[in-house]
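> 3D model of this:
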Amino acid sequence: MPPRHQLVLKNVSIPGGRVCDVTIGEGHVAHAGSALPAVDMIDCTGLIVLPAAVDIHVHMRGGTQSAKEDWKSGTMSALAGGVTVVVDQPNTVPPLTTPEHFLERVAEARAHACCRYAINSAVTPDTPLEAMWAAGAIAFGETFCAPSSYGEALNEPALSSALDRIGRLGALATIHAEEVAPGTDMDLLTHDTLRSAAGELRAIRNVARCNIAGSRLHLCHASTADAVCTAPGSVEVTPHHLFLSREQFGREDTHAKVNPPLRSEHARKNLWSHWNQIDIIASDHAPHTRSEKQTEFERAPSGIPGVETMVPLLLASVLKHTISLTDLVKKTTITPSALIGIPPAGFSPGDRADFAIYPKEISRIDPDTLHSKCSWTPFAGHEAVFPRIVIVDGRIAYNAGDFVSCAPLWIPGKGYQQNP
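Predicted coordinates:
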């Protein structure tokens, strides 16, 4: 008898127009065409089937910050939003500045995560970058050009030295480009002024100037069209900078406080006009509790949750014909996978069998239905399309609100050595 595979997705409409059956075996696509014998089958007639997303910028908290989020709740949020790979940032408590702290973070994720994960190394003057690469860091950064939540800024000599060492490793440096002017952070307008768009642009140019070694650079969360156009490497933009502006909130609404800040409505629309120049959409998922946010503006932490709403917001834009399905897949799956050096999810034989299956129905975002521990979202009421089924490694992980299986899998970087 012919071998039986894990799963067949029947009647899949592949972006571009072809309809076929996708047969999955051993965590990869085995065949795209007529179905091969398999144990299970999902009829995808009338549904949207996408290669699952890779979110290269999340803060999963955990440890002493578990009241905000932990690996279980954060990766459940990811799955429920059609994301099956997350890349955790190193400005944790404590920060990931030593191999010991890094491997403790890997172990914490392995014990609790519900999807695939990779972890970045911090970049500080004292971080042993070579040892972090050997320990399995997927990339370096966010590398901070200005202080942010739990992040230490580098001066120019330290940044140049770090980029030289990262370049020698053949690794990727991810950059948080901001300037912070002196002043009292009293409201959203002041926050925008103190962390200005002009300052972001100067920081980007400064990073390019410091990159004497020509290391691979990736600009995190560009907040304006000018930042996108000036990026000295690949560039990501968040859904909150695409869909939200400071005018949409009350002046002192801390739920909209984030770094870089939400810009003006004019700047938001201008950012959309440069959609084709954006390489990657990433959430910068950075949850804080309601009580932390519900304090005076100056004391409130910056950051908002977003891993669960990222793809649903974009897919609603596809159904409204604002962007193309091909672009959505490219910016949330193909390009992020290539950037961190992992096989892409997709429909061709050999592709990673991670998929999300969506209805062709737009709904409204309800904070009470989301899975982040922080239990709020700045996108409440926005139009979105959430997945019904999410598949990880060829197996159903999420089905109509139920988490069916847990498949934590650490993705180490290219420099990983088993016993660094």
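> any idea how far Asn91 is from Ala153?
11 Å (Cβ to Cβ, to the nearest Å). For the C-beta atoms, the positions are set from N, CA and C on the backbone; glycine is no exception.
> Comparing those two, which residue is more hemmed in?
Asn91 (21 against 18; other Cβ atoms under 10 Å).
> gap between the two ends of stretch 109-126?
25 Å (Cα to Cα, to the nearest Å).
> picking that back up, now do the shared contacts for Ala153 and Asn91.
Phe144 (Cβ atoms under 8 Å, 6 or more residues apart in numbering).
> Now do stretch 378-391: distance to the chain's middle.
15 Å (Cα atoms, centre = their mean, to the nearest Å).
> Stretch 62-72 now?
17 Å.
> List the buried residues in it.
62, 65-66, 68-72 (16 or more other Cβ atoms under 10 Å).
> now stretch 288-308
288-289, 292-293, 297, 300-308.
> export those to TSV and tack on pLDDT, secondary structure and distance to Cys145?
Compiled in TSV, the buried residues of stretch 288-308 are given as follows (pLDDT from 0 to 100; DSSP: H, G, I helix; E, B strand; the rest coil; distance: Cβ to Cβ, whole Å):
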residue	pLDDT	secondary structure	distance to Cys145
His288	98	coil	22
Thr289	97	coil	28
Glu292	97	helix	25
Lys293	97	helix	25
Phe297	97	coil	23
Ala300	97	coil	22
Pro301	97	coil	19
Ser302	97	coil	15
Gly303	97	coil	17
Ile304	97	coil	21
Pro305	98	coil	24
Gly306	98	coil	22
Val307	98	coil	24
Glu308	98	coil	29
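> Among these, which one lies nearest to Arg110?
Checking the buried residues of stretch 288-308 against Arg110 by Cβ to Cβ gives Val307 as the nearest, at 18.9 Å.
> any idea how far His57 is from that closest one?
Distance from Val307 to His57, by Cβ to Cβ: 9 Å.
> cool, and Ala162?
Counting by Cβ to Cβ - Ala162 and His57 are separated by 19 Å.
> Give the residue from the two that has the larger number of neighbours.
Neighbour totals were compared for Ala162 and His57, and His57 leads with 28 against 23 (other Cβ under 10 Å).
> Can you pull the phi/psi pair for that one?
For His57, the backbone dihedrals (degrees, to the nearest 10) come out as phi -150, psi 90.
> which residue sits closest to it in space, ignoring its chain neighbours?
Ala282 (3.8 Å; Cβ to Cβ, 6 or more residues apart in numbering).
> and that neighbour, how many neighbours?
30.
> What are the phi and psi values at Ile391?
Torsion angles, degrees, to the nearest 10, at Ile391: phi -120, psi 130.
> With Val258 instead?
Per degrees, to the nearest 10, the backbone of Val258 is at phi -160, psi 160.
> how close does it sit to Cys145?
17 Å.
> Give the residue spans of this protein that score low on pLDDT.
1-3, 146-151, 419-420 (pLDDT under 70).
> Okay, domains of it per the record?
5-49+351-406, 52-340 (automatic domain parsing).
> can I get the buried residues of stretch 62-72 in TSV with secondary structure and distance to Arg18?
As requested, these are exported to TSV (DSSP: H, G, I helix; E, B strand; the rest coil; distance: Cβ to Cβ, whole Å):
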residue	secondary structure	distance to Arg18
Gly62	strand	42
Gln65	strand	45
Ser66	coil	45
Lys68	coil	43
Glu69	coil	39
Asp70	coil	41
Trp71	helix	37
Lys72	helix	38
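> between those residues, which is nearest Leu194?
Lys68 (23.9 Å).
> Helix, strand or coil: sort out Gly199 for me.
helix (DSSP: H, G, I helix; E, B strand; the rest coil).
> Next one: it relative to Val228, how far apart?
Gly199 sits 16 Å away from Val228, going by Cβ to Cβ.
> of those two, who's got more company?
Just comparing Gly199 and Val228: by other Cβ under 10 Å the higher neighbour count belongs to Val228, 22 against 19.
> shouldn't that one be in contact with His221?
No. Val228 is beyond contact range of His221, at 10.8 Å (criterion: Cβ atoms under 8 Å).
> Give me the common contacts of those two.
Contacts common to Val228 and His221, judged by Cβ under 8 Å, 6+ apart, are Val237.
> Compute the number of surrounding residues for the closest residue to Pro125 other than its chain neighbours.
Of all residues not flanking Pro125 in the chain, Ala158 sits nearest, at 4.7 Å (Cβ to Cβ, 6+ apart). Number of residues near Ala158 (other Cβ under 10 Å) recorded here: 17.
> quick one, phi psi at Ala158?
Given degrees, to the nearest 10, the pair of backbone angles that Ala158 has is phi -70, psi -40.
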